[in-house]
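>>> Structure for the following, please:
(2 chains)
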Amino acid sequence: MLGTNLKHLEAKGEVEEVLKNDEKVMICCGRMGPMCIPVYGVMENLESRYPKIQFRDMDFDMPVASFIKDLPECSSFMGLPFTVYFKNGTVVKATTSIQNEKQIVDILDEVFKD
Amino acid sequence: MENRDLIIIGAGPAGLSGAICAGYSGFKPLVFEENMPGGLAGEIPVLENYPGIGKGSSGKDLIDRMIEQCKGTAAEIHQFEKVTKLNLEGKEKIIETDKSKYTANAVVIASGRHPSMLGVPGEKEFRGKGVSYCAVCDRVFFKNRKVTVIGEGAHAIEVALYLAESASSTILISLNPRFEAEKILVKRLEEQRINVLTGVKVKEIKGDIKVKSVVLSDKGTSDIREIETDGVFLQLEEKPNSQLARSAGIKVNKKGYIIVDEKGRTNFEGVYAVGDVTDGSVKKVITAVAQAFVAVNDIFEPVIRKK
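Residues are numbered from 1 along each chain as shown, chains lettered A, B, ... in the order given. Sure thing, here's the model as predicted:
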């Protein structure tokens, strides 16, 4: 389990549930490493600013991570973390490797604008 | 405003060592870290040259132990809190962060260094798609694949050796014609049959959806050649994180490193700098740790004497 203050996704059922029930979801799949932790930190900071978006993390080494790893949008990814943005259960954006707050905010504002 | 005995900026080996030293002496240091503790040391695959540690530990292992040690004292770490402004005039120092404002009797700057970008076409485009800055993070994707390490110095060699353990082939492109590294590392490069290229300039990183090759030009003849690779790990010269210190009036040298004396003192009374951000000639975890202990002892020695 990842040592973050975000809600964790640890089973496929949990992933399916959040994608079914919530319109806007951001999932960061990684480890507790130097490229991943800053992204979790940004997500924690943004939770209160974007209450309509569900922010979740996922341990890259748990079986559930195959849900993210096997997405076609992540097929070329070779850098942790894999971060995927879903709208109504569909992938609308995916990034690989570290992202800073501005990059993440730009994506949120672009893909989740009402 | 909250007041502290000591505020430390940065939670790499130097900052954490300063916190441990102050904490064990009965003080309540507060450490600010805008990202994750560890800094560049957290990315060292094997911390082999640290006395008493040996081959079995990574930089992150050491950092985790340091954090545990901090927890055993009154030291406190504020992660993801960025220091935005320093007012170092007078006895009471004012430290502004993106979350609050503090005062401190002493400040230790341990903000470390950051890696440079190579700045060639393809570097940004293929980041996370074959271009990596963290071997510890991304080696898993390059098992039985061809990798290329571009960089200079001991860290680039360490990364090449680390990747060679699982890659099908490893090339090290040294941007510096001579290796400034321990002989034992250079010898291991030969033993591991890592192909070392020198005297070349990297022109471009090429690929389709992932990295496929690196384009090089010979510095002498300007001949162009392309080498196939699945991954490019960049380990370039690090630059000091001294912008905040400079804007507060702290003196730095031509390369931006903070000028300190043998105790870590800067040009402001009560303001110290330790570790990689200083103009010390040896940039190692062990020297960062030692600098921090020397500085913190200098800060608190008069107080301890009075007790």
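>>> The chain: helices as residue ranges?
You didn't pick a chain, so chain A it is. A:12-21, A:37-46, A:66-69, A:101-111 (DSSP state H).
>>> Wait, chain B was what I had in mind.
In chain B, the helices defined using DSSP H lie at B:13-24, B:59-71, B:135-138, B:153-164, B:183-191, B:243-247, B:285-306.
>>> Residues of chain B that sit close to chain A?
Within chain B, the positions near chain A by Cβ under 8 Å from any Cβ of the partner chain are B:35-36, B:38, B:42-43, B:60, B:79-80, B:127-134, B:136-138, B:141-142, B:209-210, B:231. Glycine gets a C-beta too; all of them are placed from N, C-alpha and C.
>>> Can you tell me which of those are buried?
B:35-36, B:38, B:42-43, B:60, B:79-80, B:127-134, B:136-138, B:141-142, B:210, B:231 (16 or more other Cβ atoms under 10 Å in any protein chain shown).
>>> circling back to that earlier point, okay, the helices of chain B, which one's buried deepest?
helix B:13-24 (a mean of 28; mean count of other Cβ atoms under 10 Å in any protein chain shown).
>>> Show me what that one is packed up against.
In terms of contacts (3 or more Cβ pairs under 8 Å, 6 or more residues apart in numbering or on different chains; DSSP states H and E), helix B:13-24 is packed against strand B:2-9, strand B:30-33, helix B:59-71, helix B:285-306.
>>> ok and that helix relative to strand B:2-9, angle-wise?
Orientation of helix B:13-24 against strand B:2-9 (axes from the mean of the first three to the mean of the last three Cα atoms, to 10 degrees) gives an angle of 140 degrees.
>>> For helix B:13-24, what does the pLDDT average out to?
The average pLDDT for helix B:13-24 rounds to 96.
>>> can you tell me the residue of the stretch 101-250 of chain B closest to chain A?
Closest contact between the stretch 101-250 of chain B and chain A, by Cβ to the nearest Cβ, is at B:G128 (3.1 Å).
>>> Which of the helices of chain A has the lowest mean pLDDT?
Looking at the helices of chain A, the bottom one is helix A:37-46 with a mean of 89.
>>> Redo the helices of chain B as JSON lines? Include distance to B:L86.
As requested, the helices of chain B are arranged in JSON lines below (distance: least, Cβ to Cβ, whole Å):
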{"stretch": "helix B:13-24", "distance to B:L86": "15"}
{"stretch": "helix B:59-71", "distance to B:L86": "23"}
{"stretch": "helix B:135-138", "distance to B:L86": "32"}
{"stretch": "helix B:153-164", "distance to B:L86": "29"}
{"stretch": "helix B:183-191", "distance to B:L86": "38"}
{"stretch": "helix B:243-247", "distance to B:L86": "6"}
{"stretch": "helix B:285-306", "distance to B:L86": "16"}
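>>> among the ones you listed, which is nearest B:V200?
helix B:153-164 (14.1 Å; Cβ to Cβ).
>>> Just the C-alphas of that closest one, formatted as PDB.
This file holds the C-alpha atoms of helix B:153-164, laid out as PDB (Å, rounded to 0.1, in the frame of the first residue of the first chain):
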ATOM      1  CA  GLY B 153      31.200  11.500 -13.200                       C
ATOM      2  CA  ALA B 154      30.700   8.800 -10.700                       C
ATOM      3  CA  HIS B 155      26.900   8.900 -10.600                       C
ATOM      4  CA  ALA B 156      26.700   8.200 -14.400                       C
ATOM      5  CA  ILE B 157      29.000   5.200 -13.900                       C
ATOM      6  CA  GLU B 158      27.000   3.900 -10.900                       C
ATOM      7  CA  VAL B 159      23.800   4.200 -13.000                       C
ATOM      8  CA  ALA B 160      25.400   2.400 -15.900                       C
ATOM      9  CA  LEU B 161      26.500  -0.500 -13.600                       C
ATOM     10  CA  TYR B 162      23.100  -0.600 -12.000                       C
ATOM     11  CA  LEU B 163      21.300  -0.900 -15.300                       C
ATOM     12  CA  ALA B 164      23.800  -3.400 -16.700                       C
END
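>>> okay but B:V274 is in contact with B:A292, surely?
Yes - applying Cβ atoms under 8 Å, one finds B:V274 in contact with B:A292, separated by 4.6 Å.
>>> Please report how far the residue most central in space within chain A lies from A:Y50.
The centroid of chain A falls nearest to A:I27 when counting by Cα atoms, centre = their mean (1.7 Å). As defined by Cβ to Cβ, to the nearest Å, A:I27 lies at a distance of 14 Å from A:Y50.
>>> Could you list every helix and strand that the least confident helix or strand in chain B by mean pLDDT packs against?
Here the helix or strand of chain B ranked lowest by mean pLDDT, DSSP states H and E is helix B:183-191, holding a mean of 86. If you count contacts as 3+ Cβ pairs under 8 Å, 6+ apart, helix B:183-191 packs onto helix B:153-164.
>>> before we move on, the earlier item: please work out the angle formed by the directions of the least confident helix or strand of chain B and helix B:153-164.
With the same axes, to 10 degrees applied, the angle from helix B:183-191 to helix B:153-164 works out at 40 degrees.
>>> How far off centre is helix B:183-191?
When C-alpha coordinates are averaged (Cα atoms, centre = their mean, to the nearest Å), helix B:183-191 and its chain have centres 23 Å apart.
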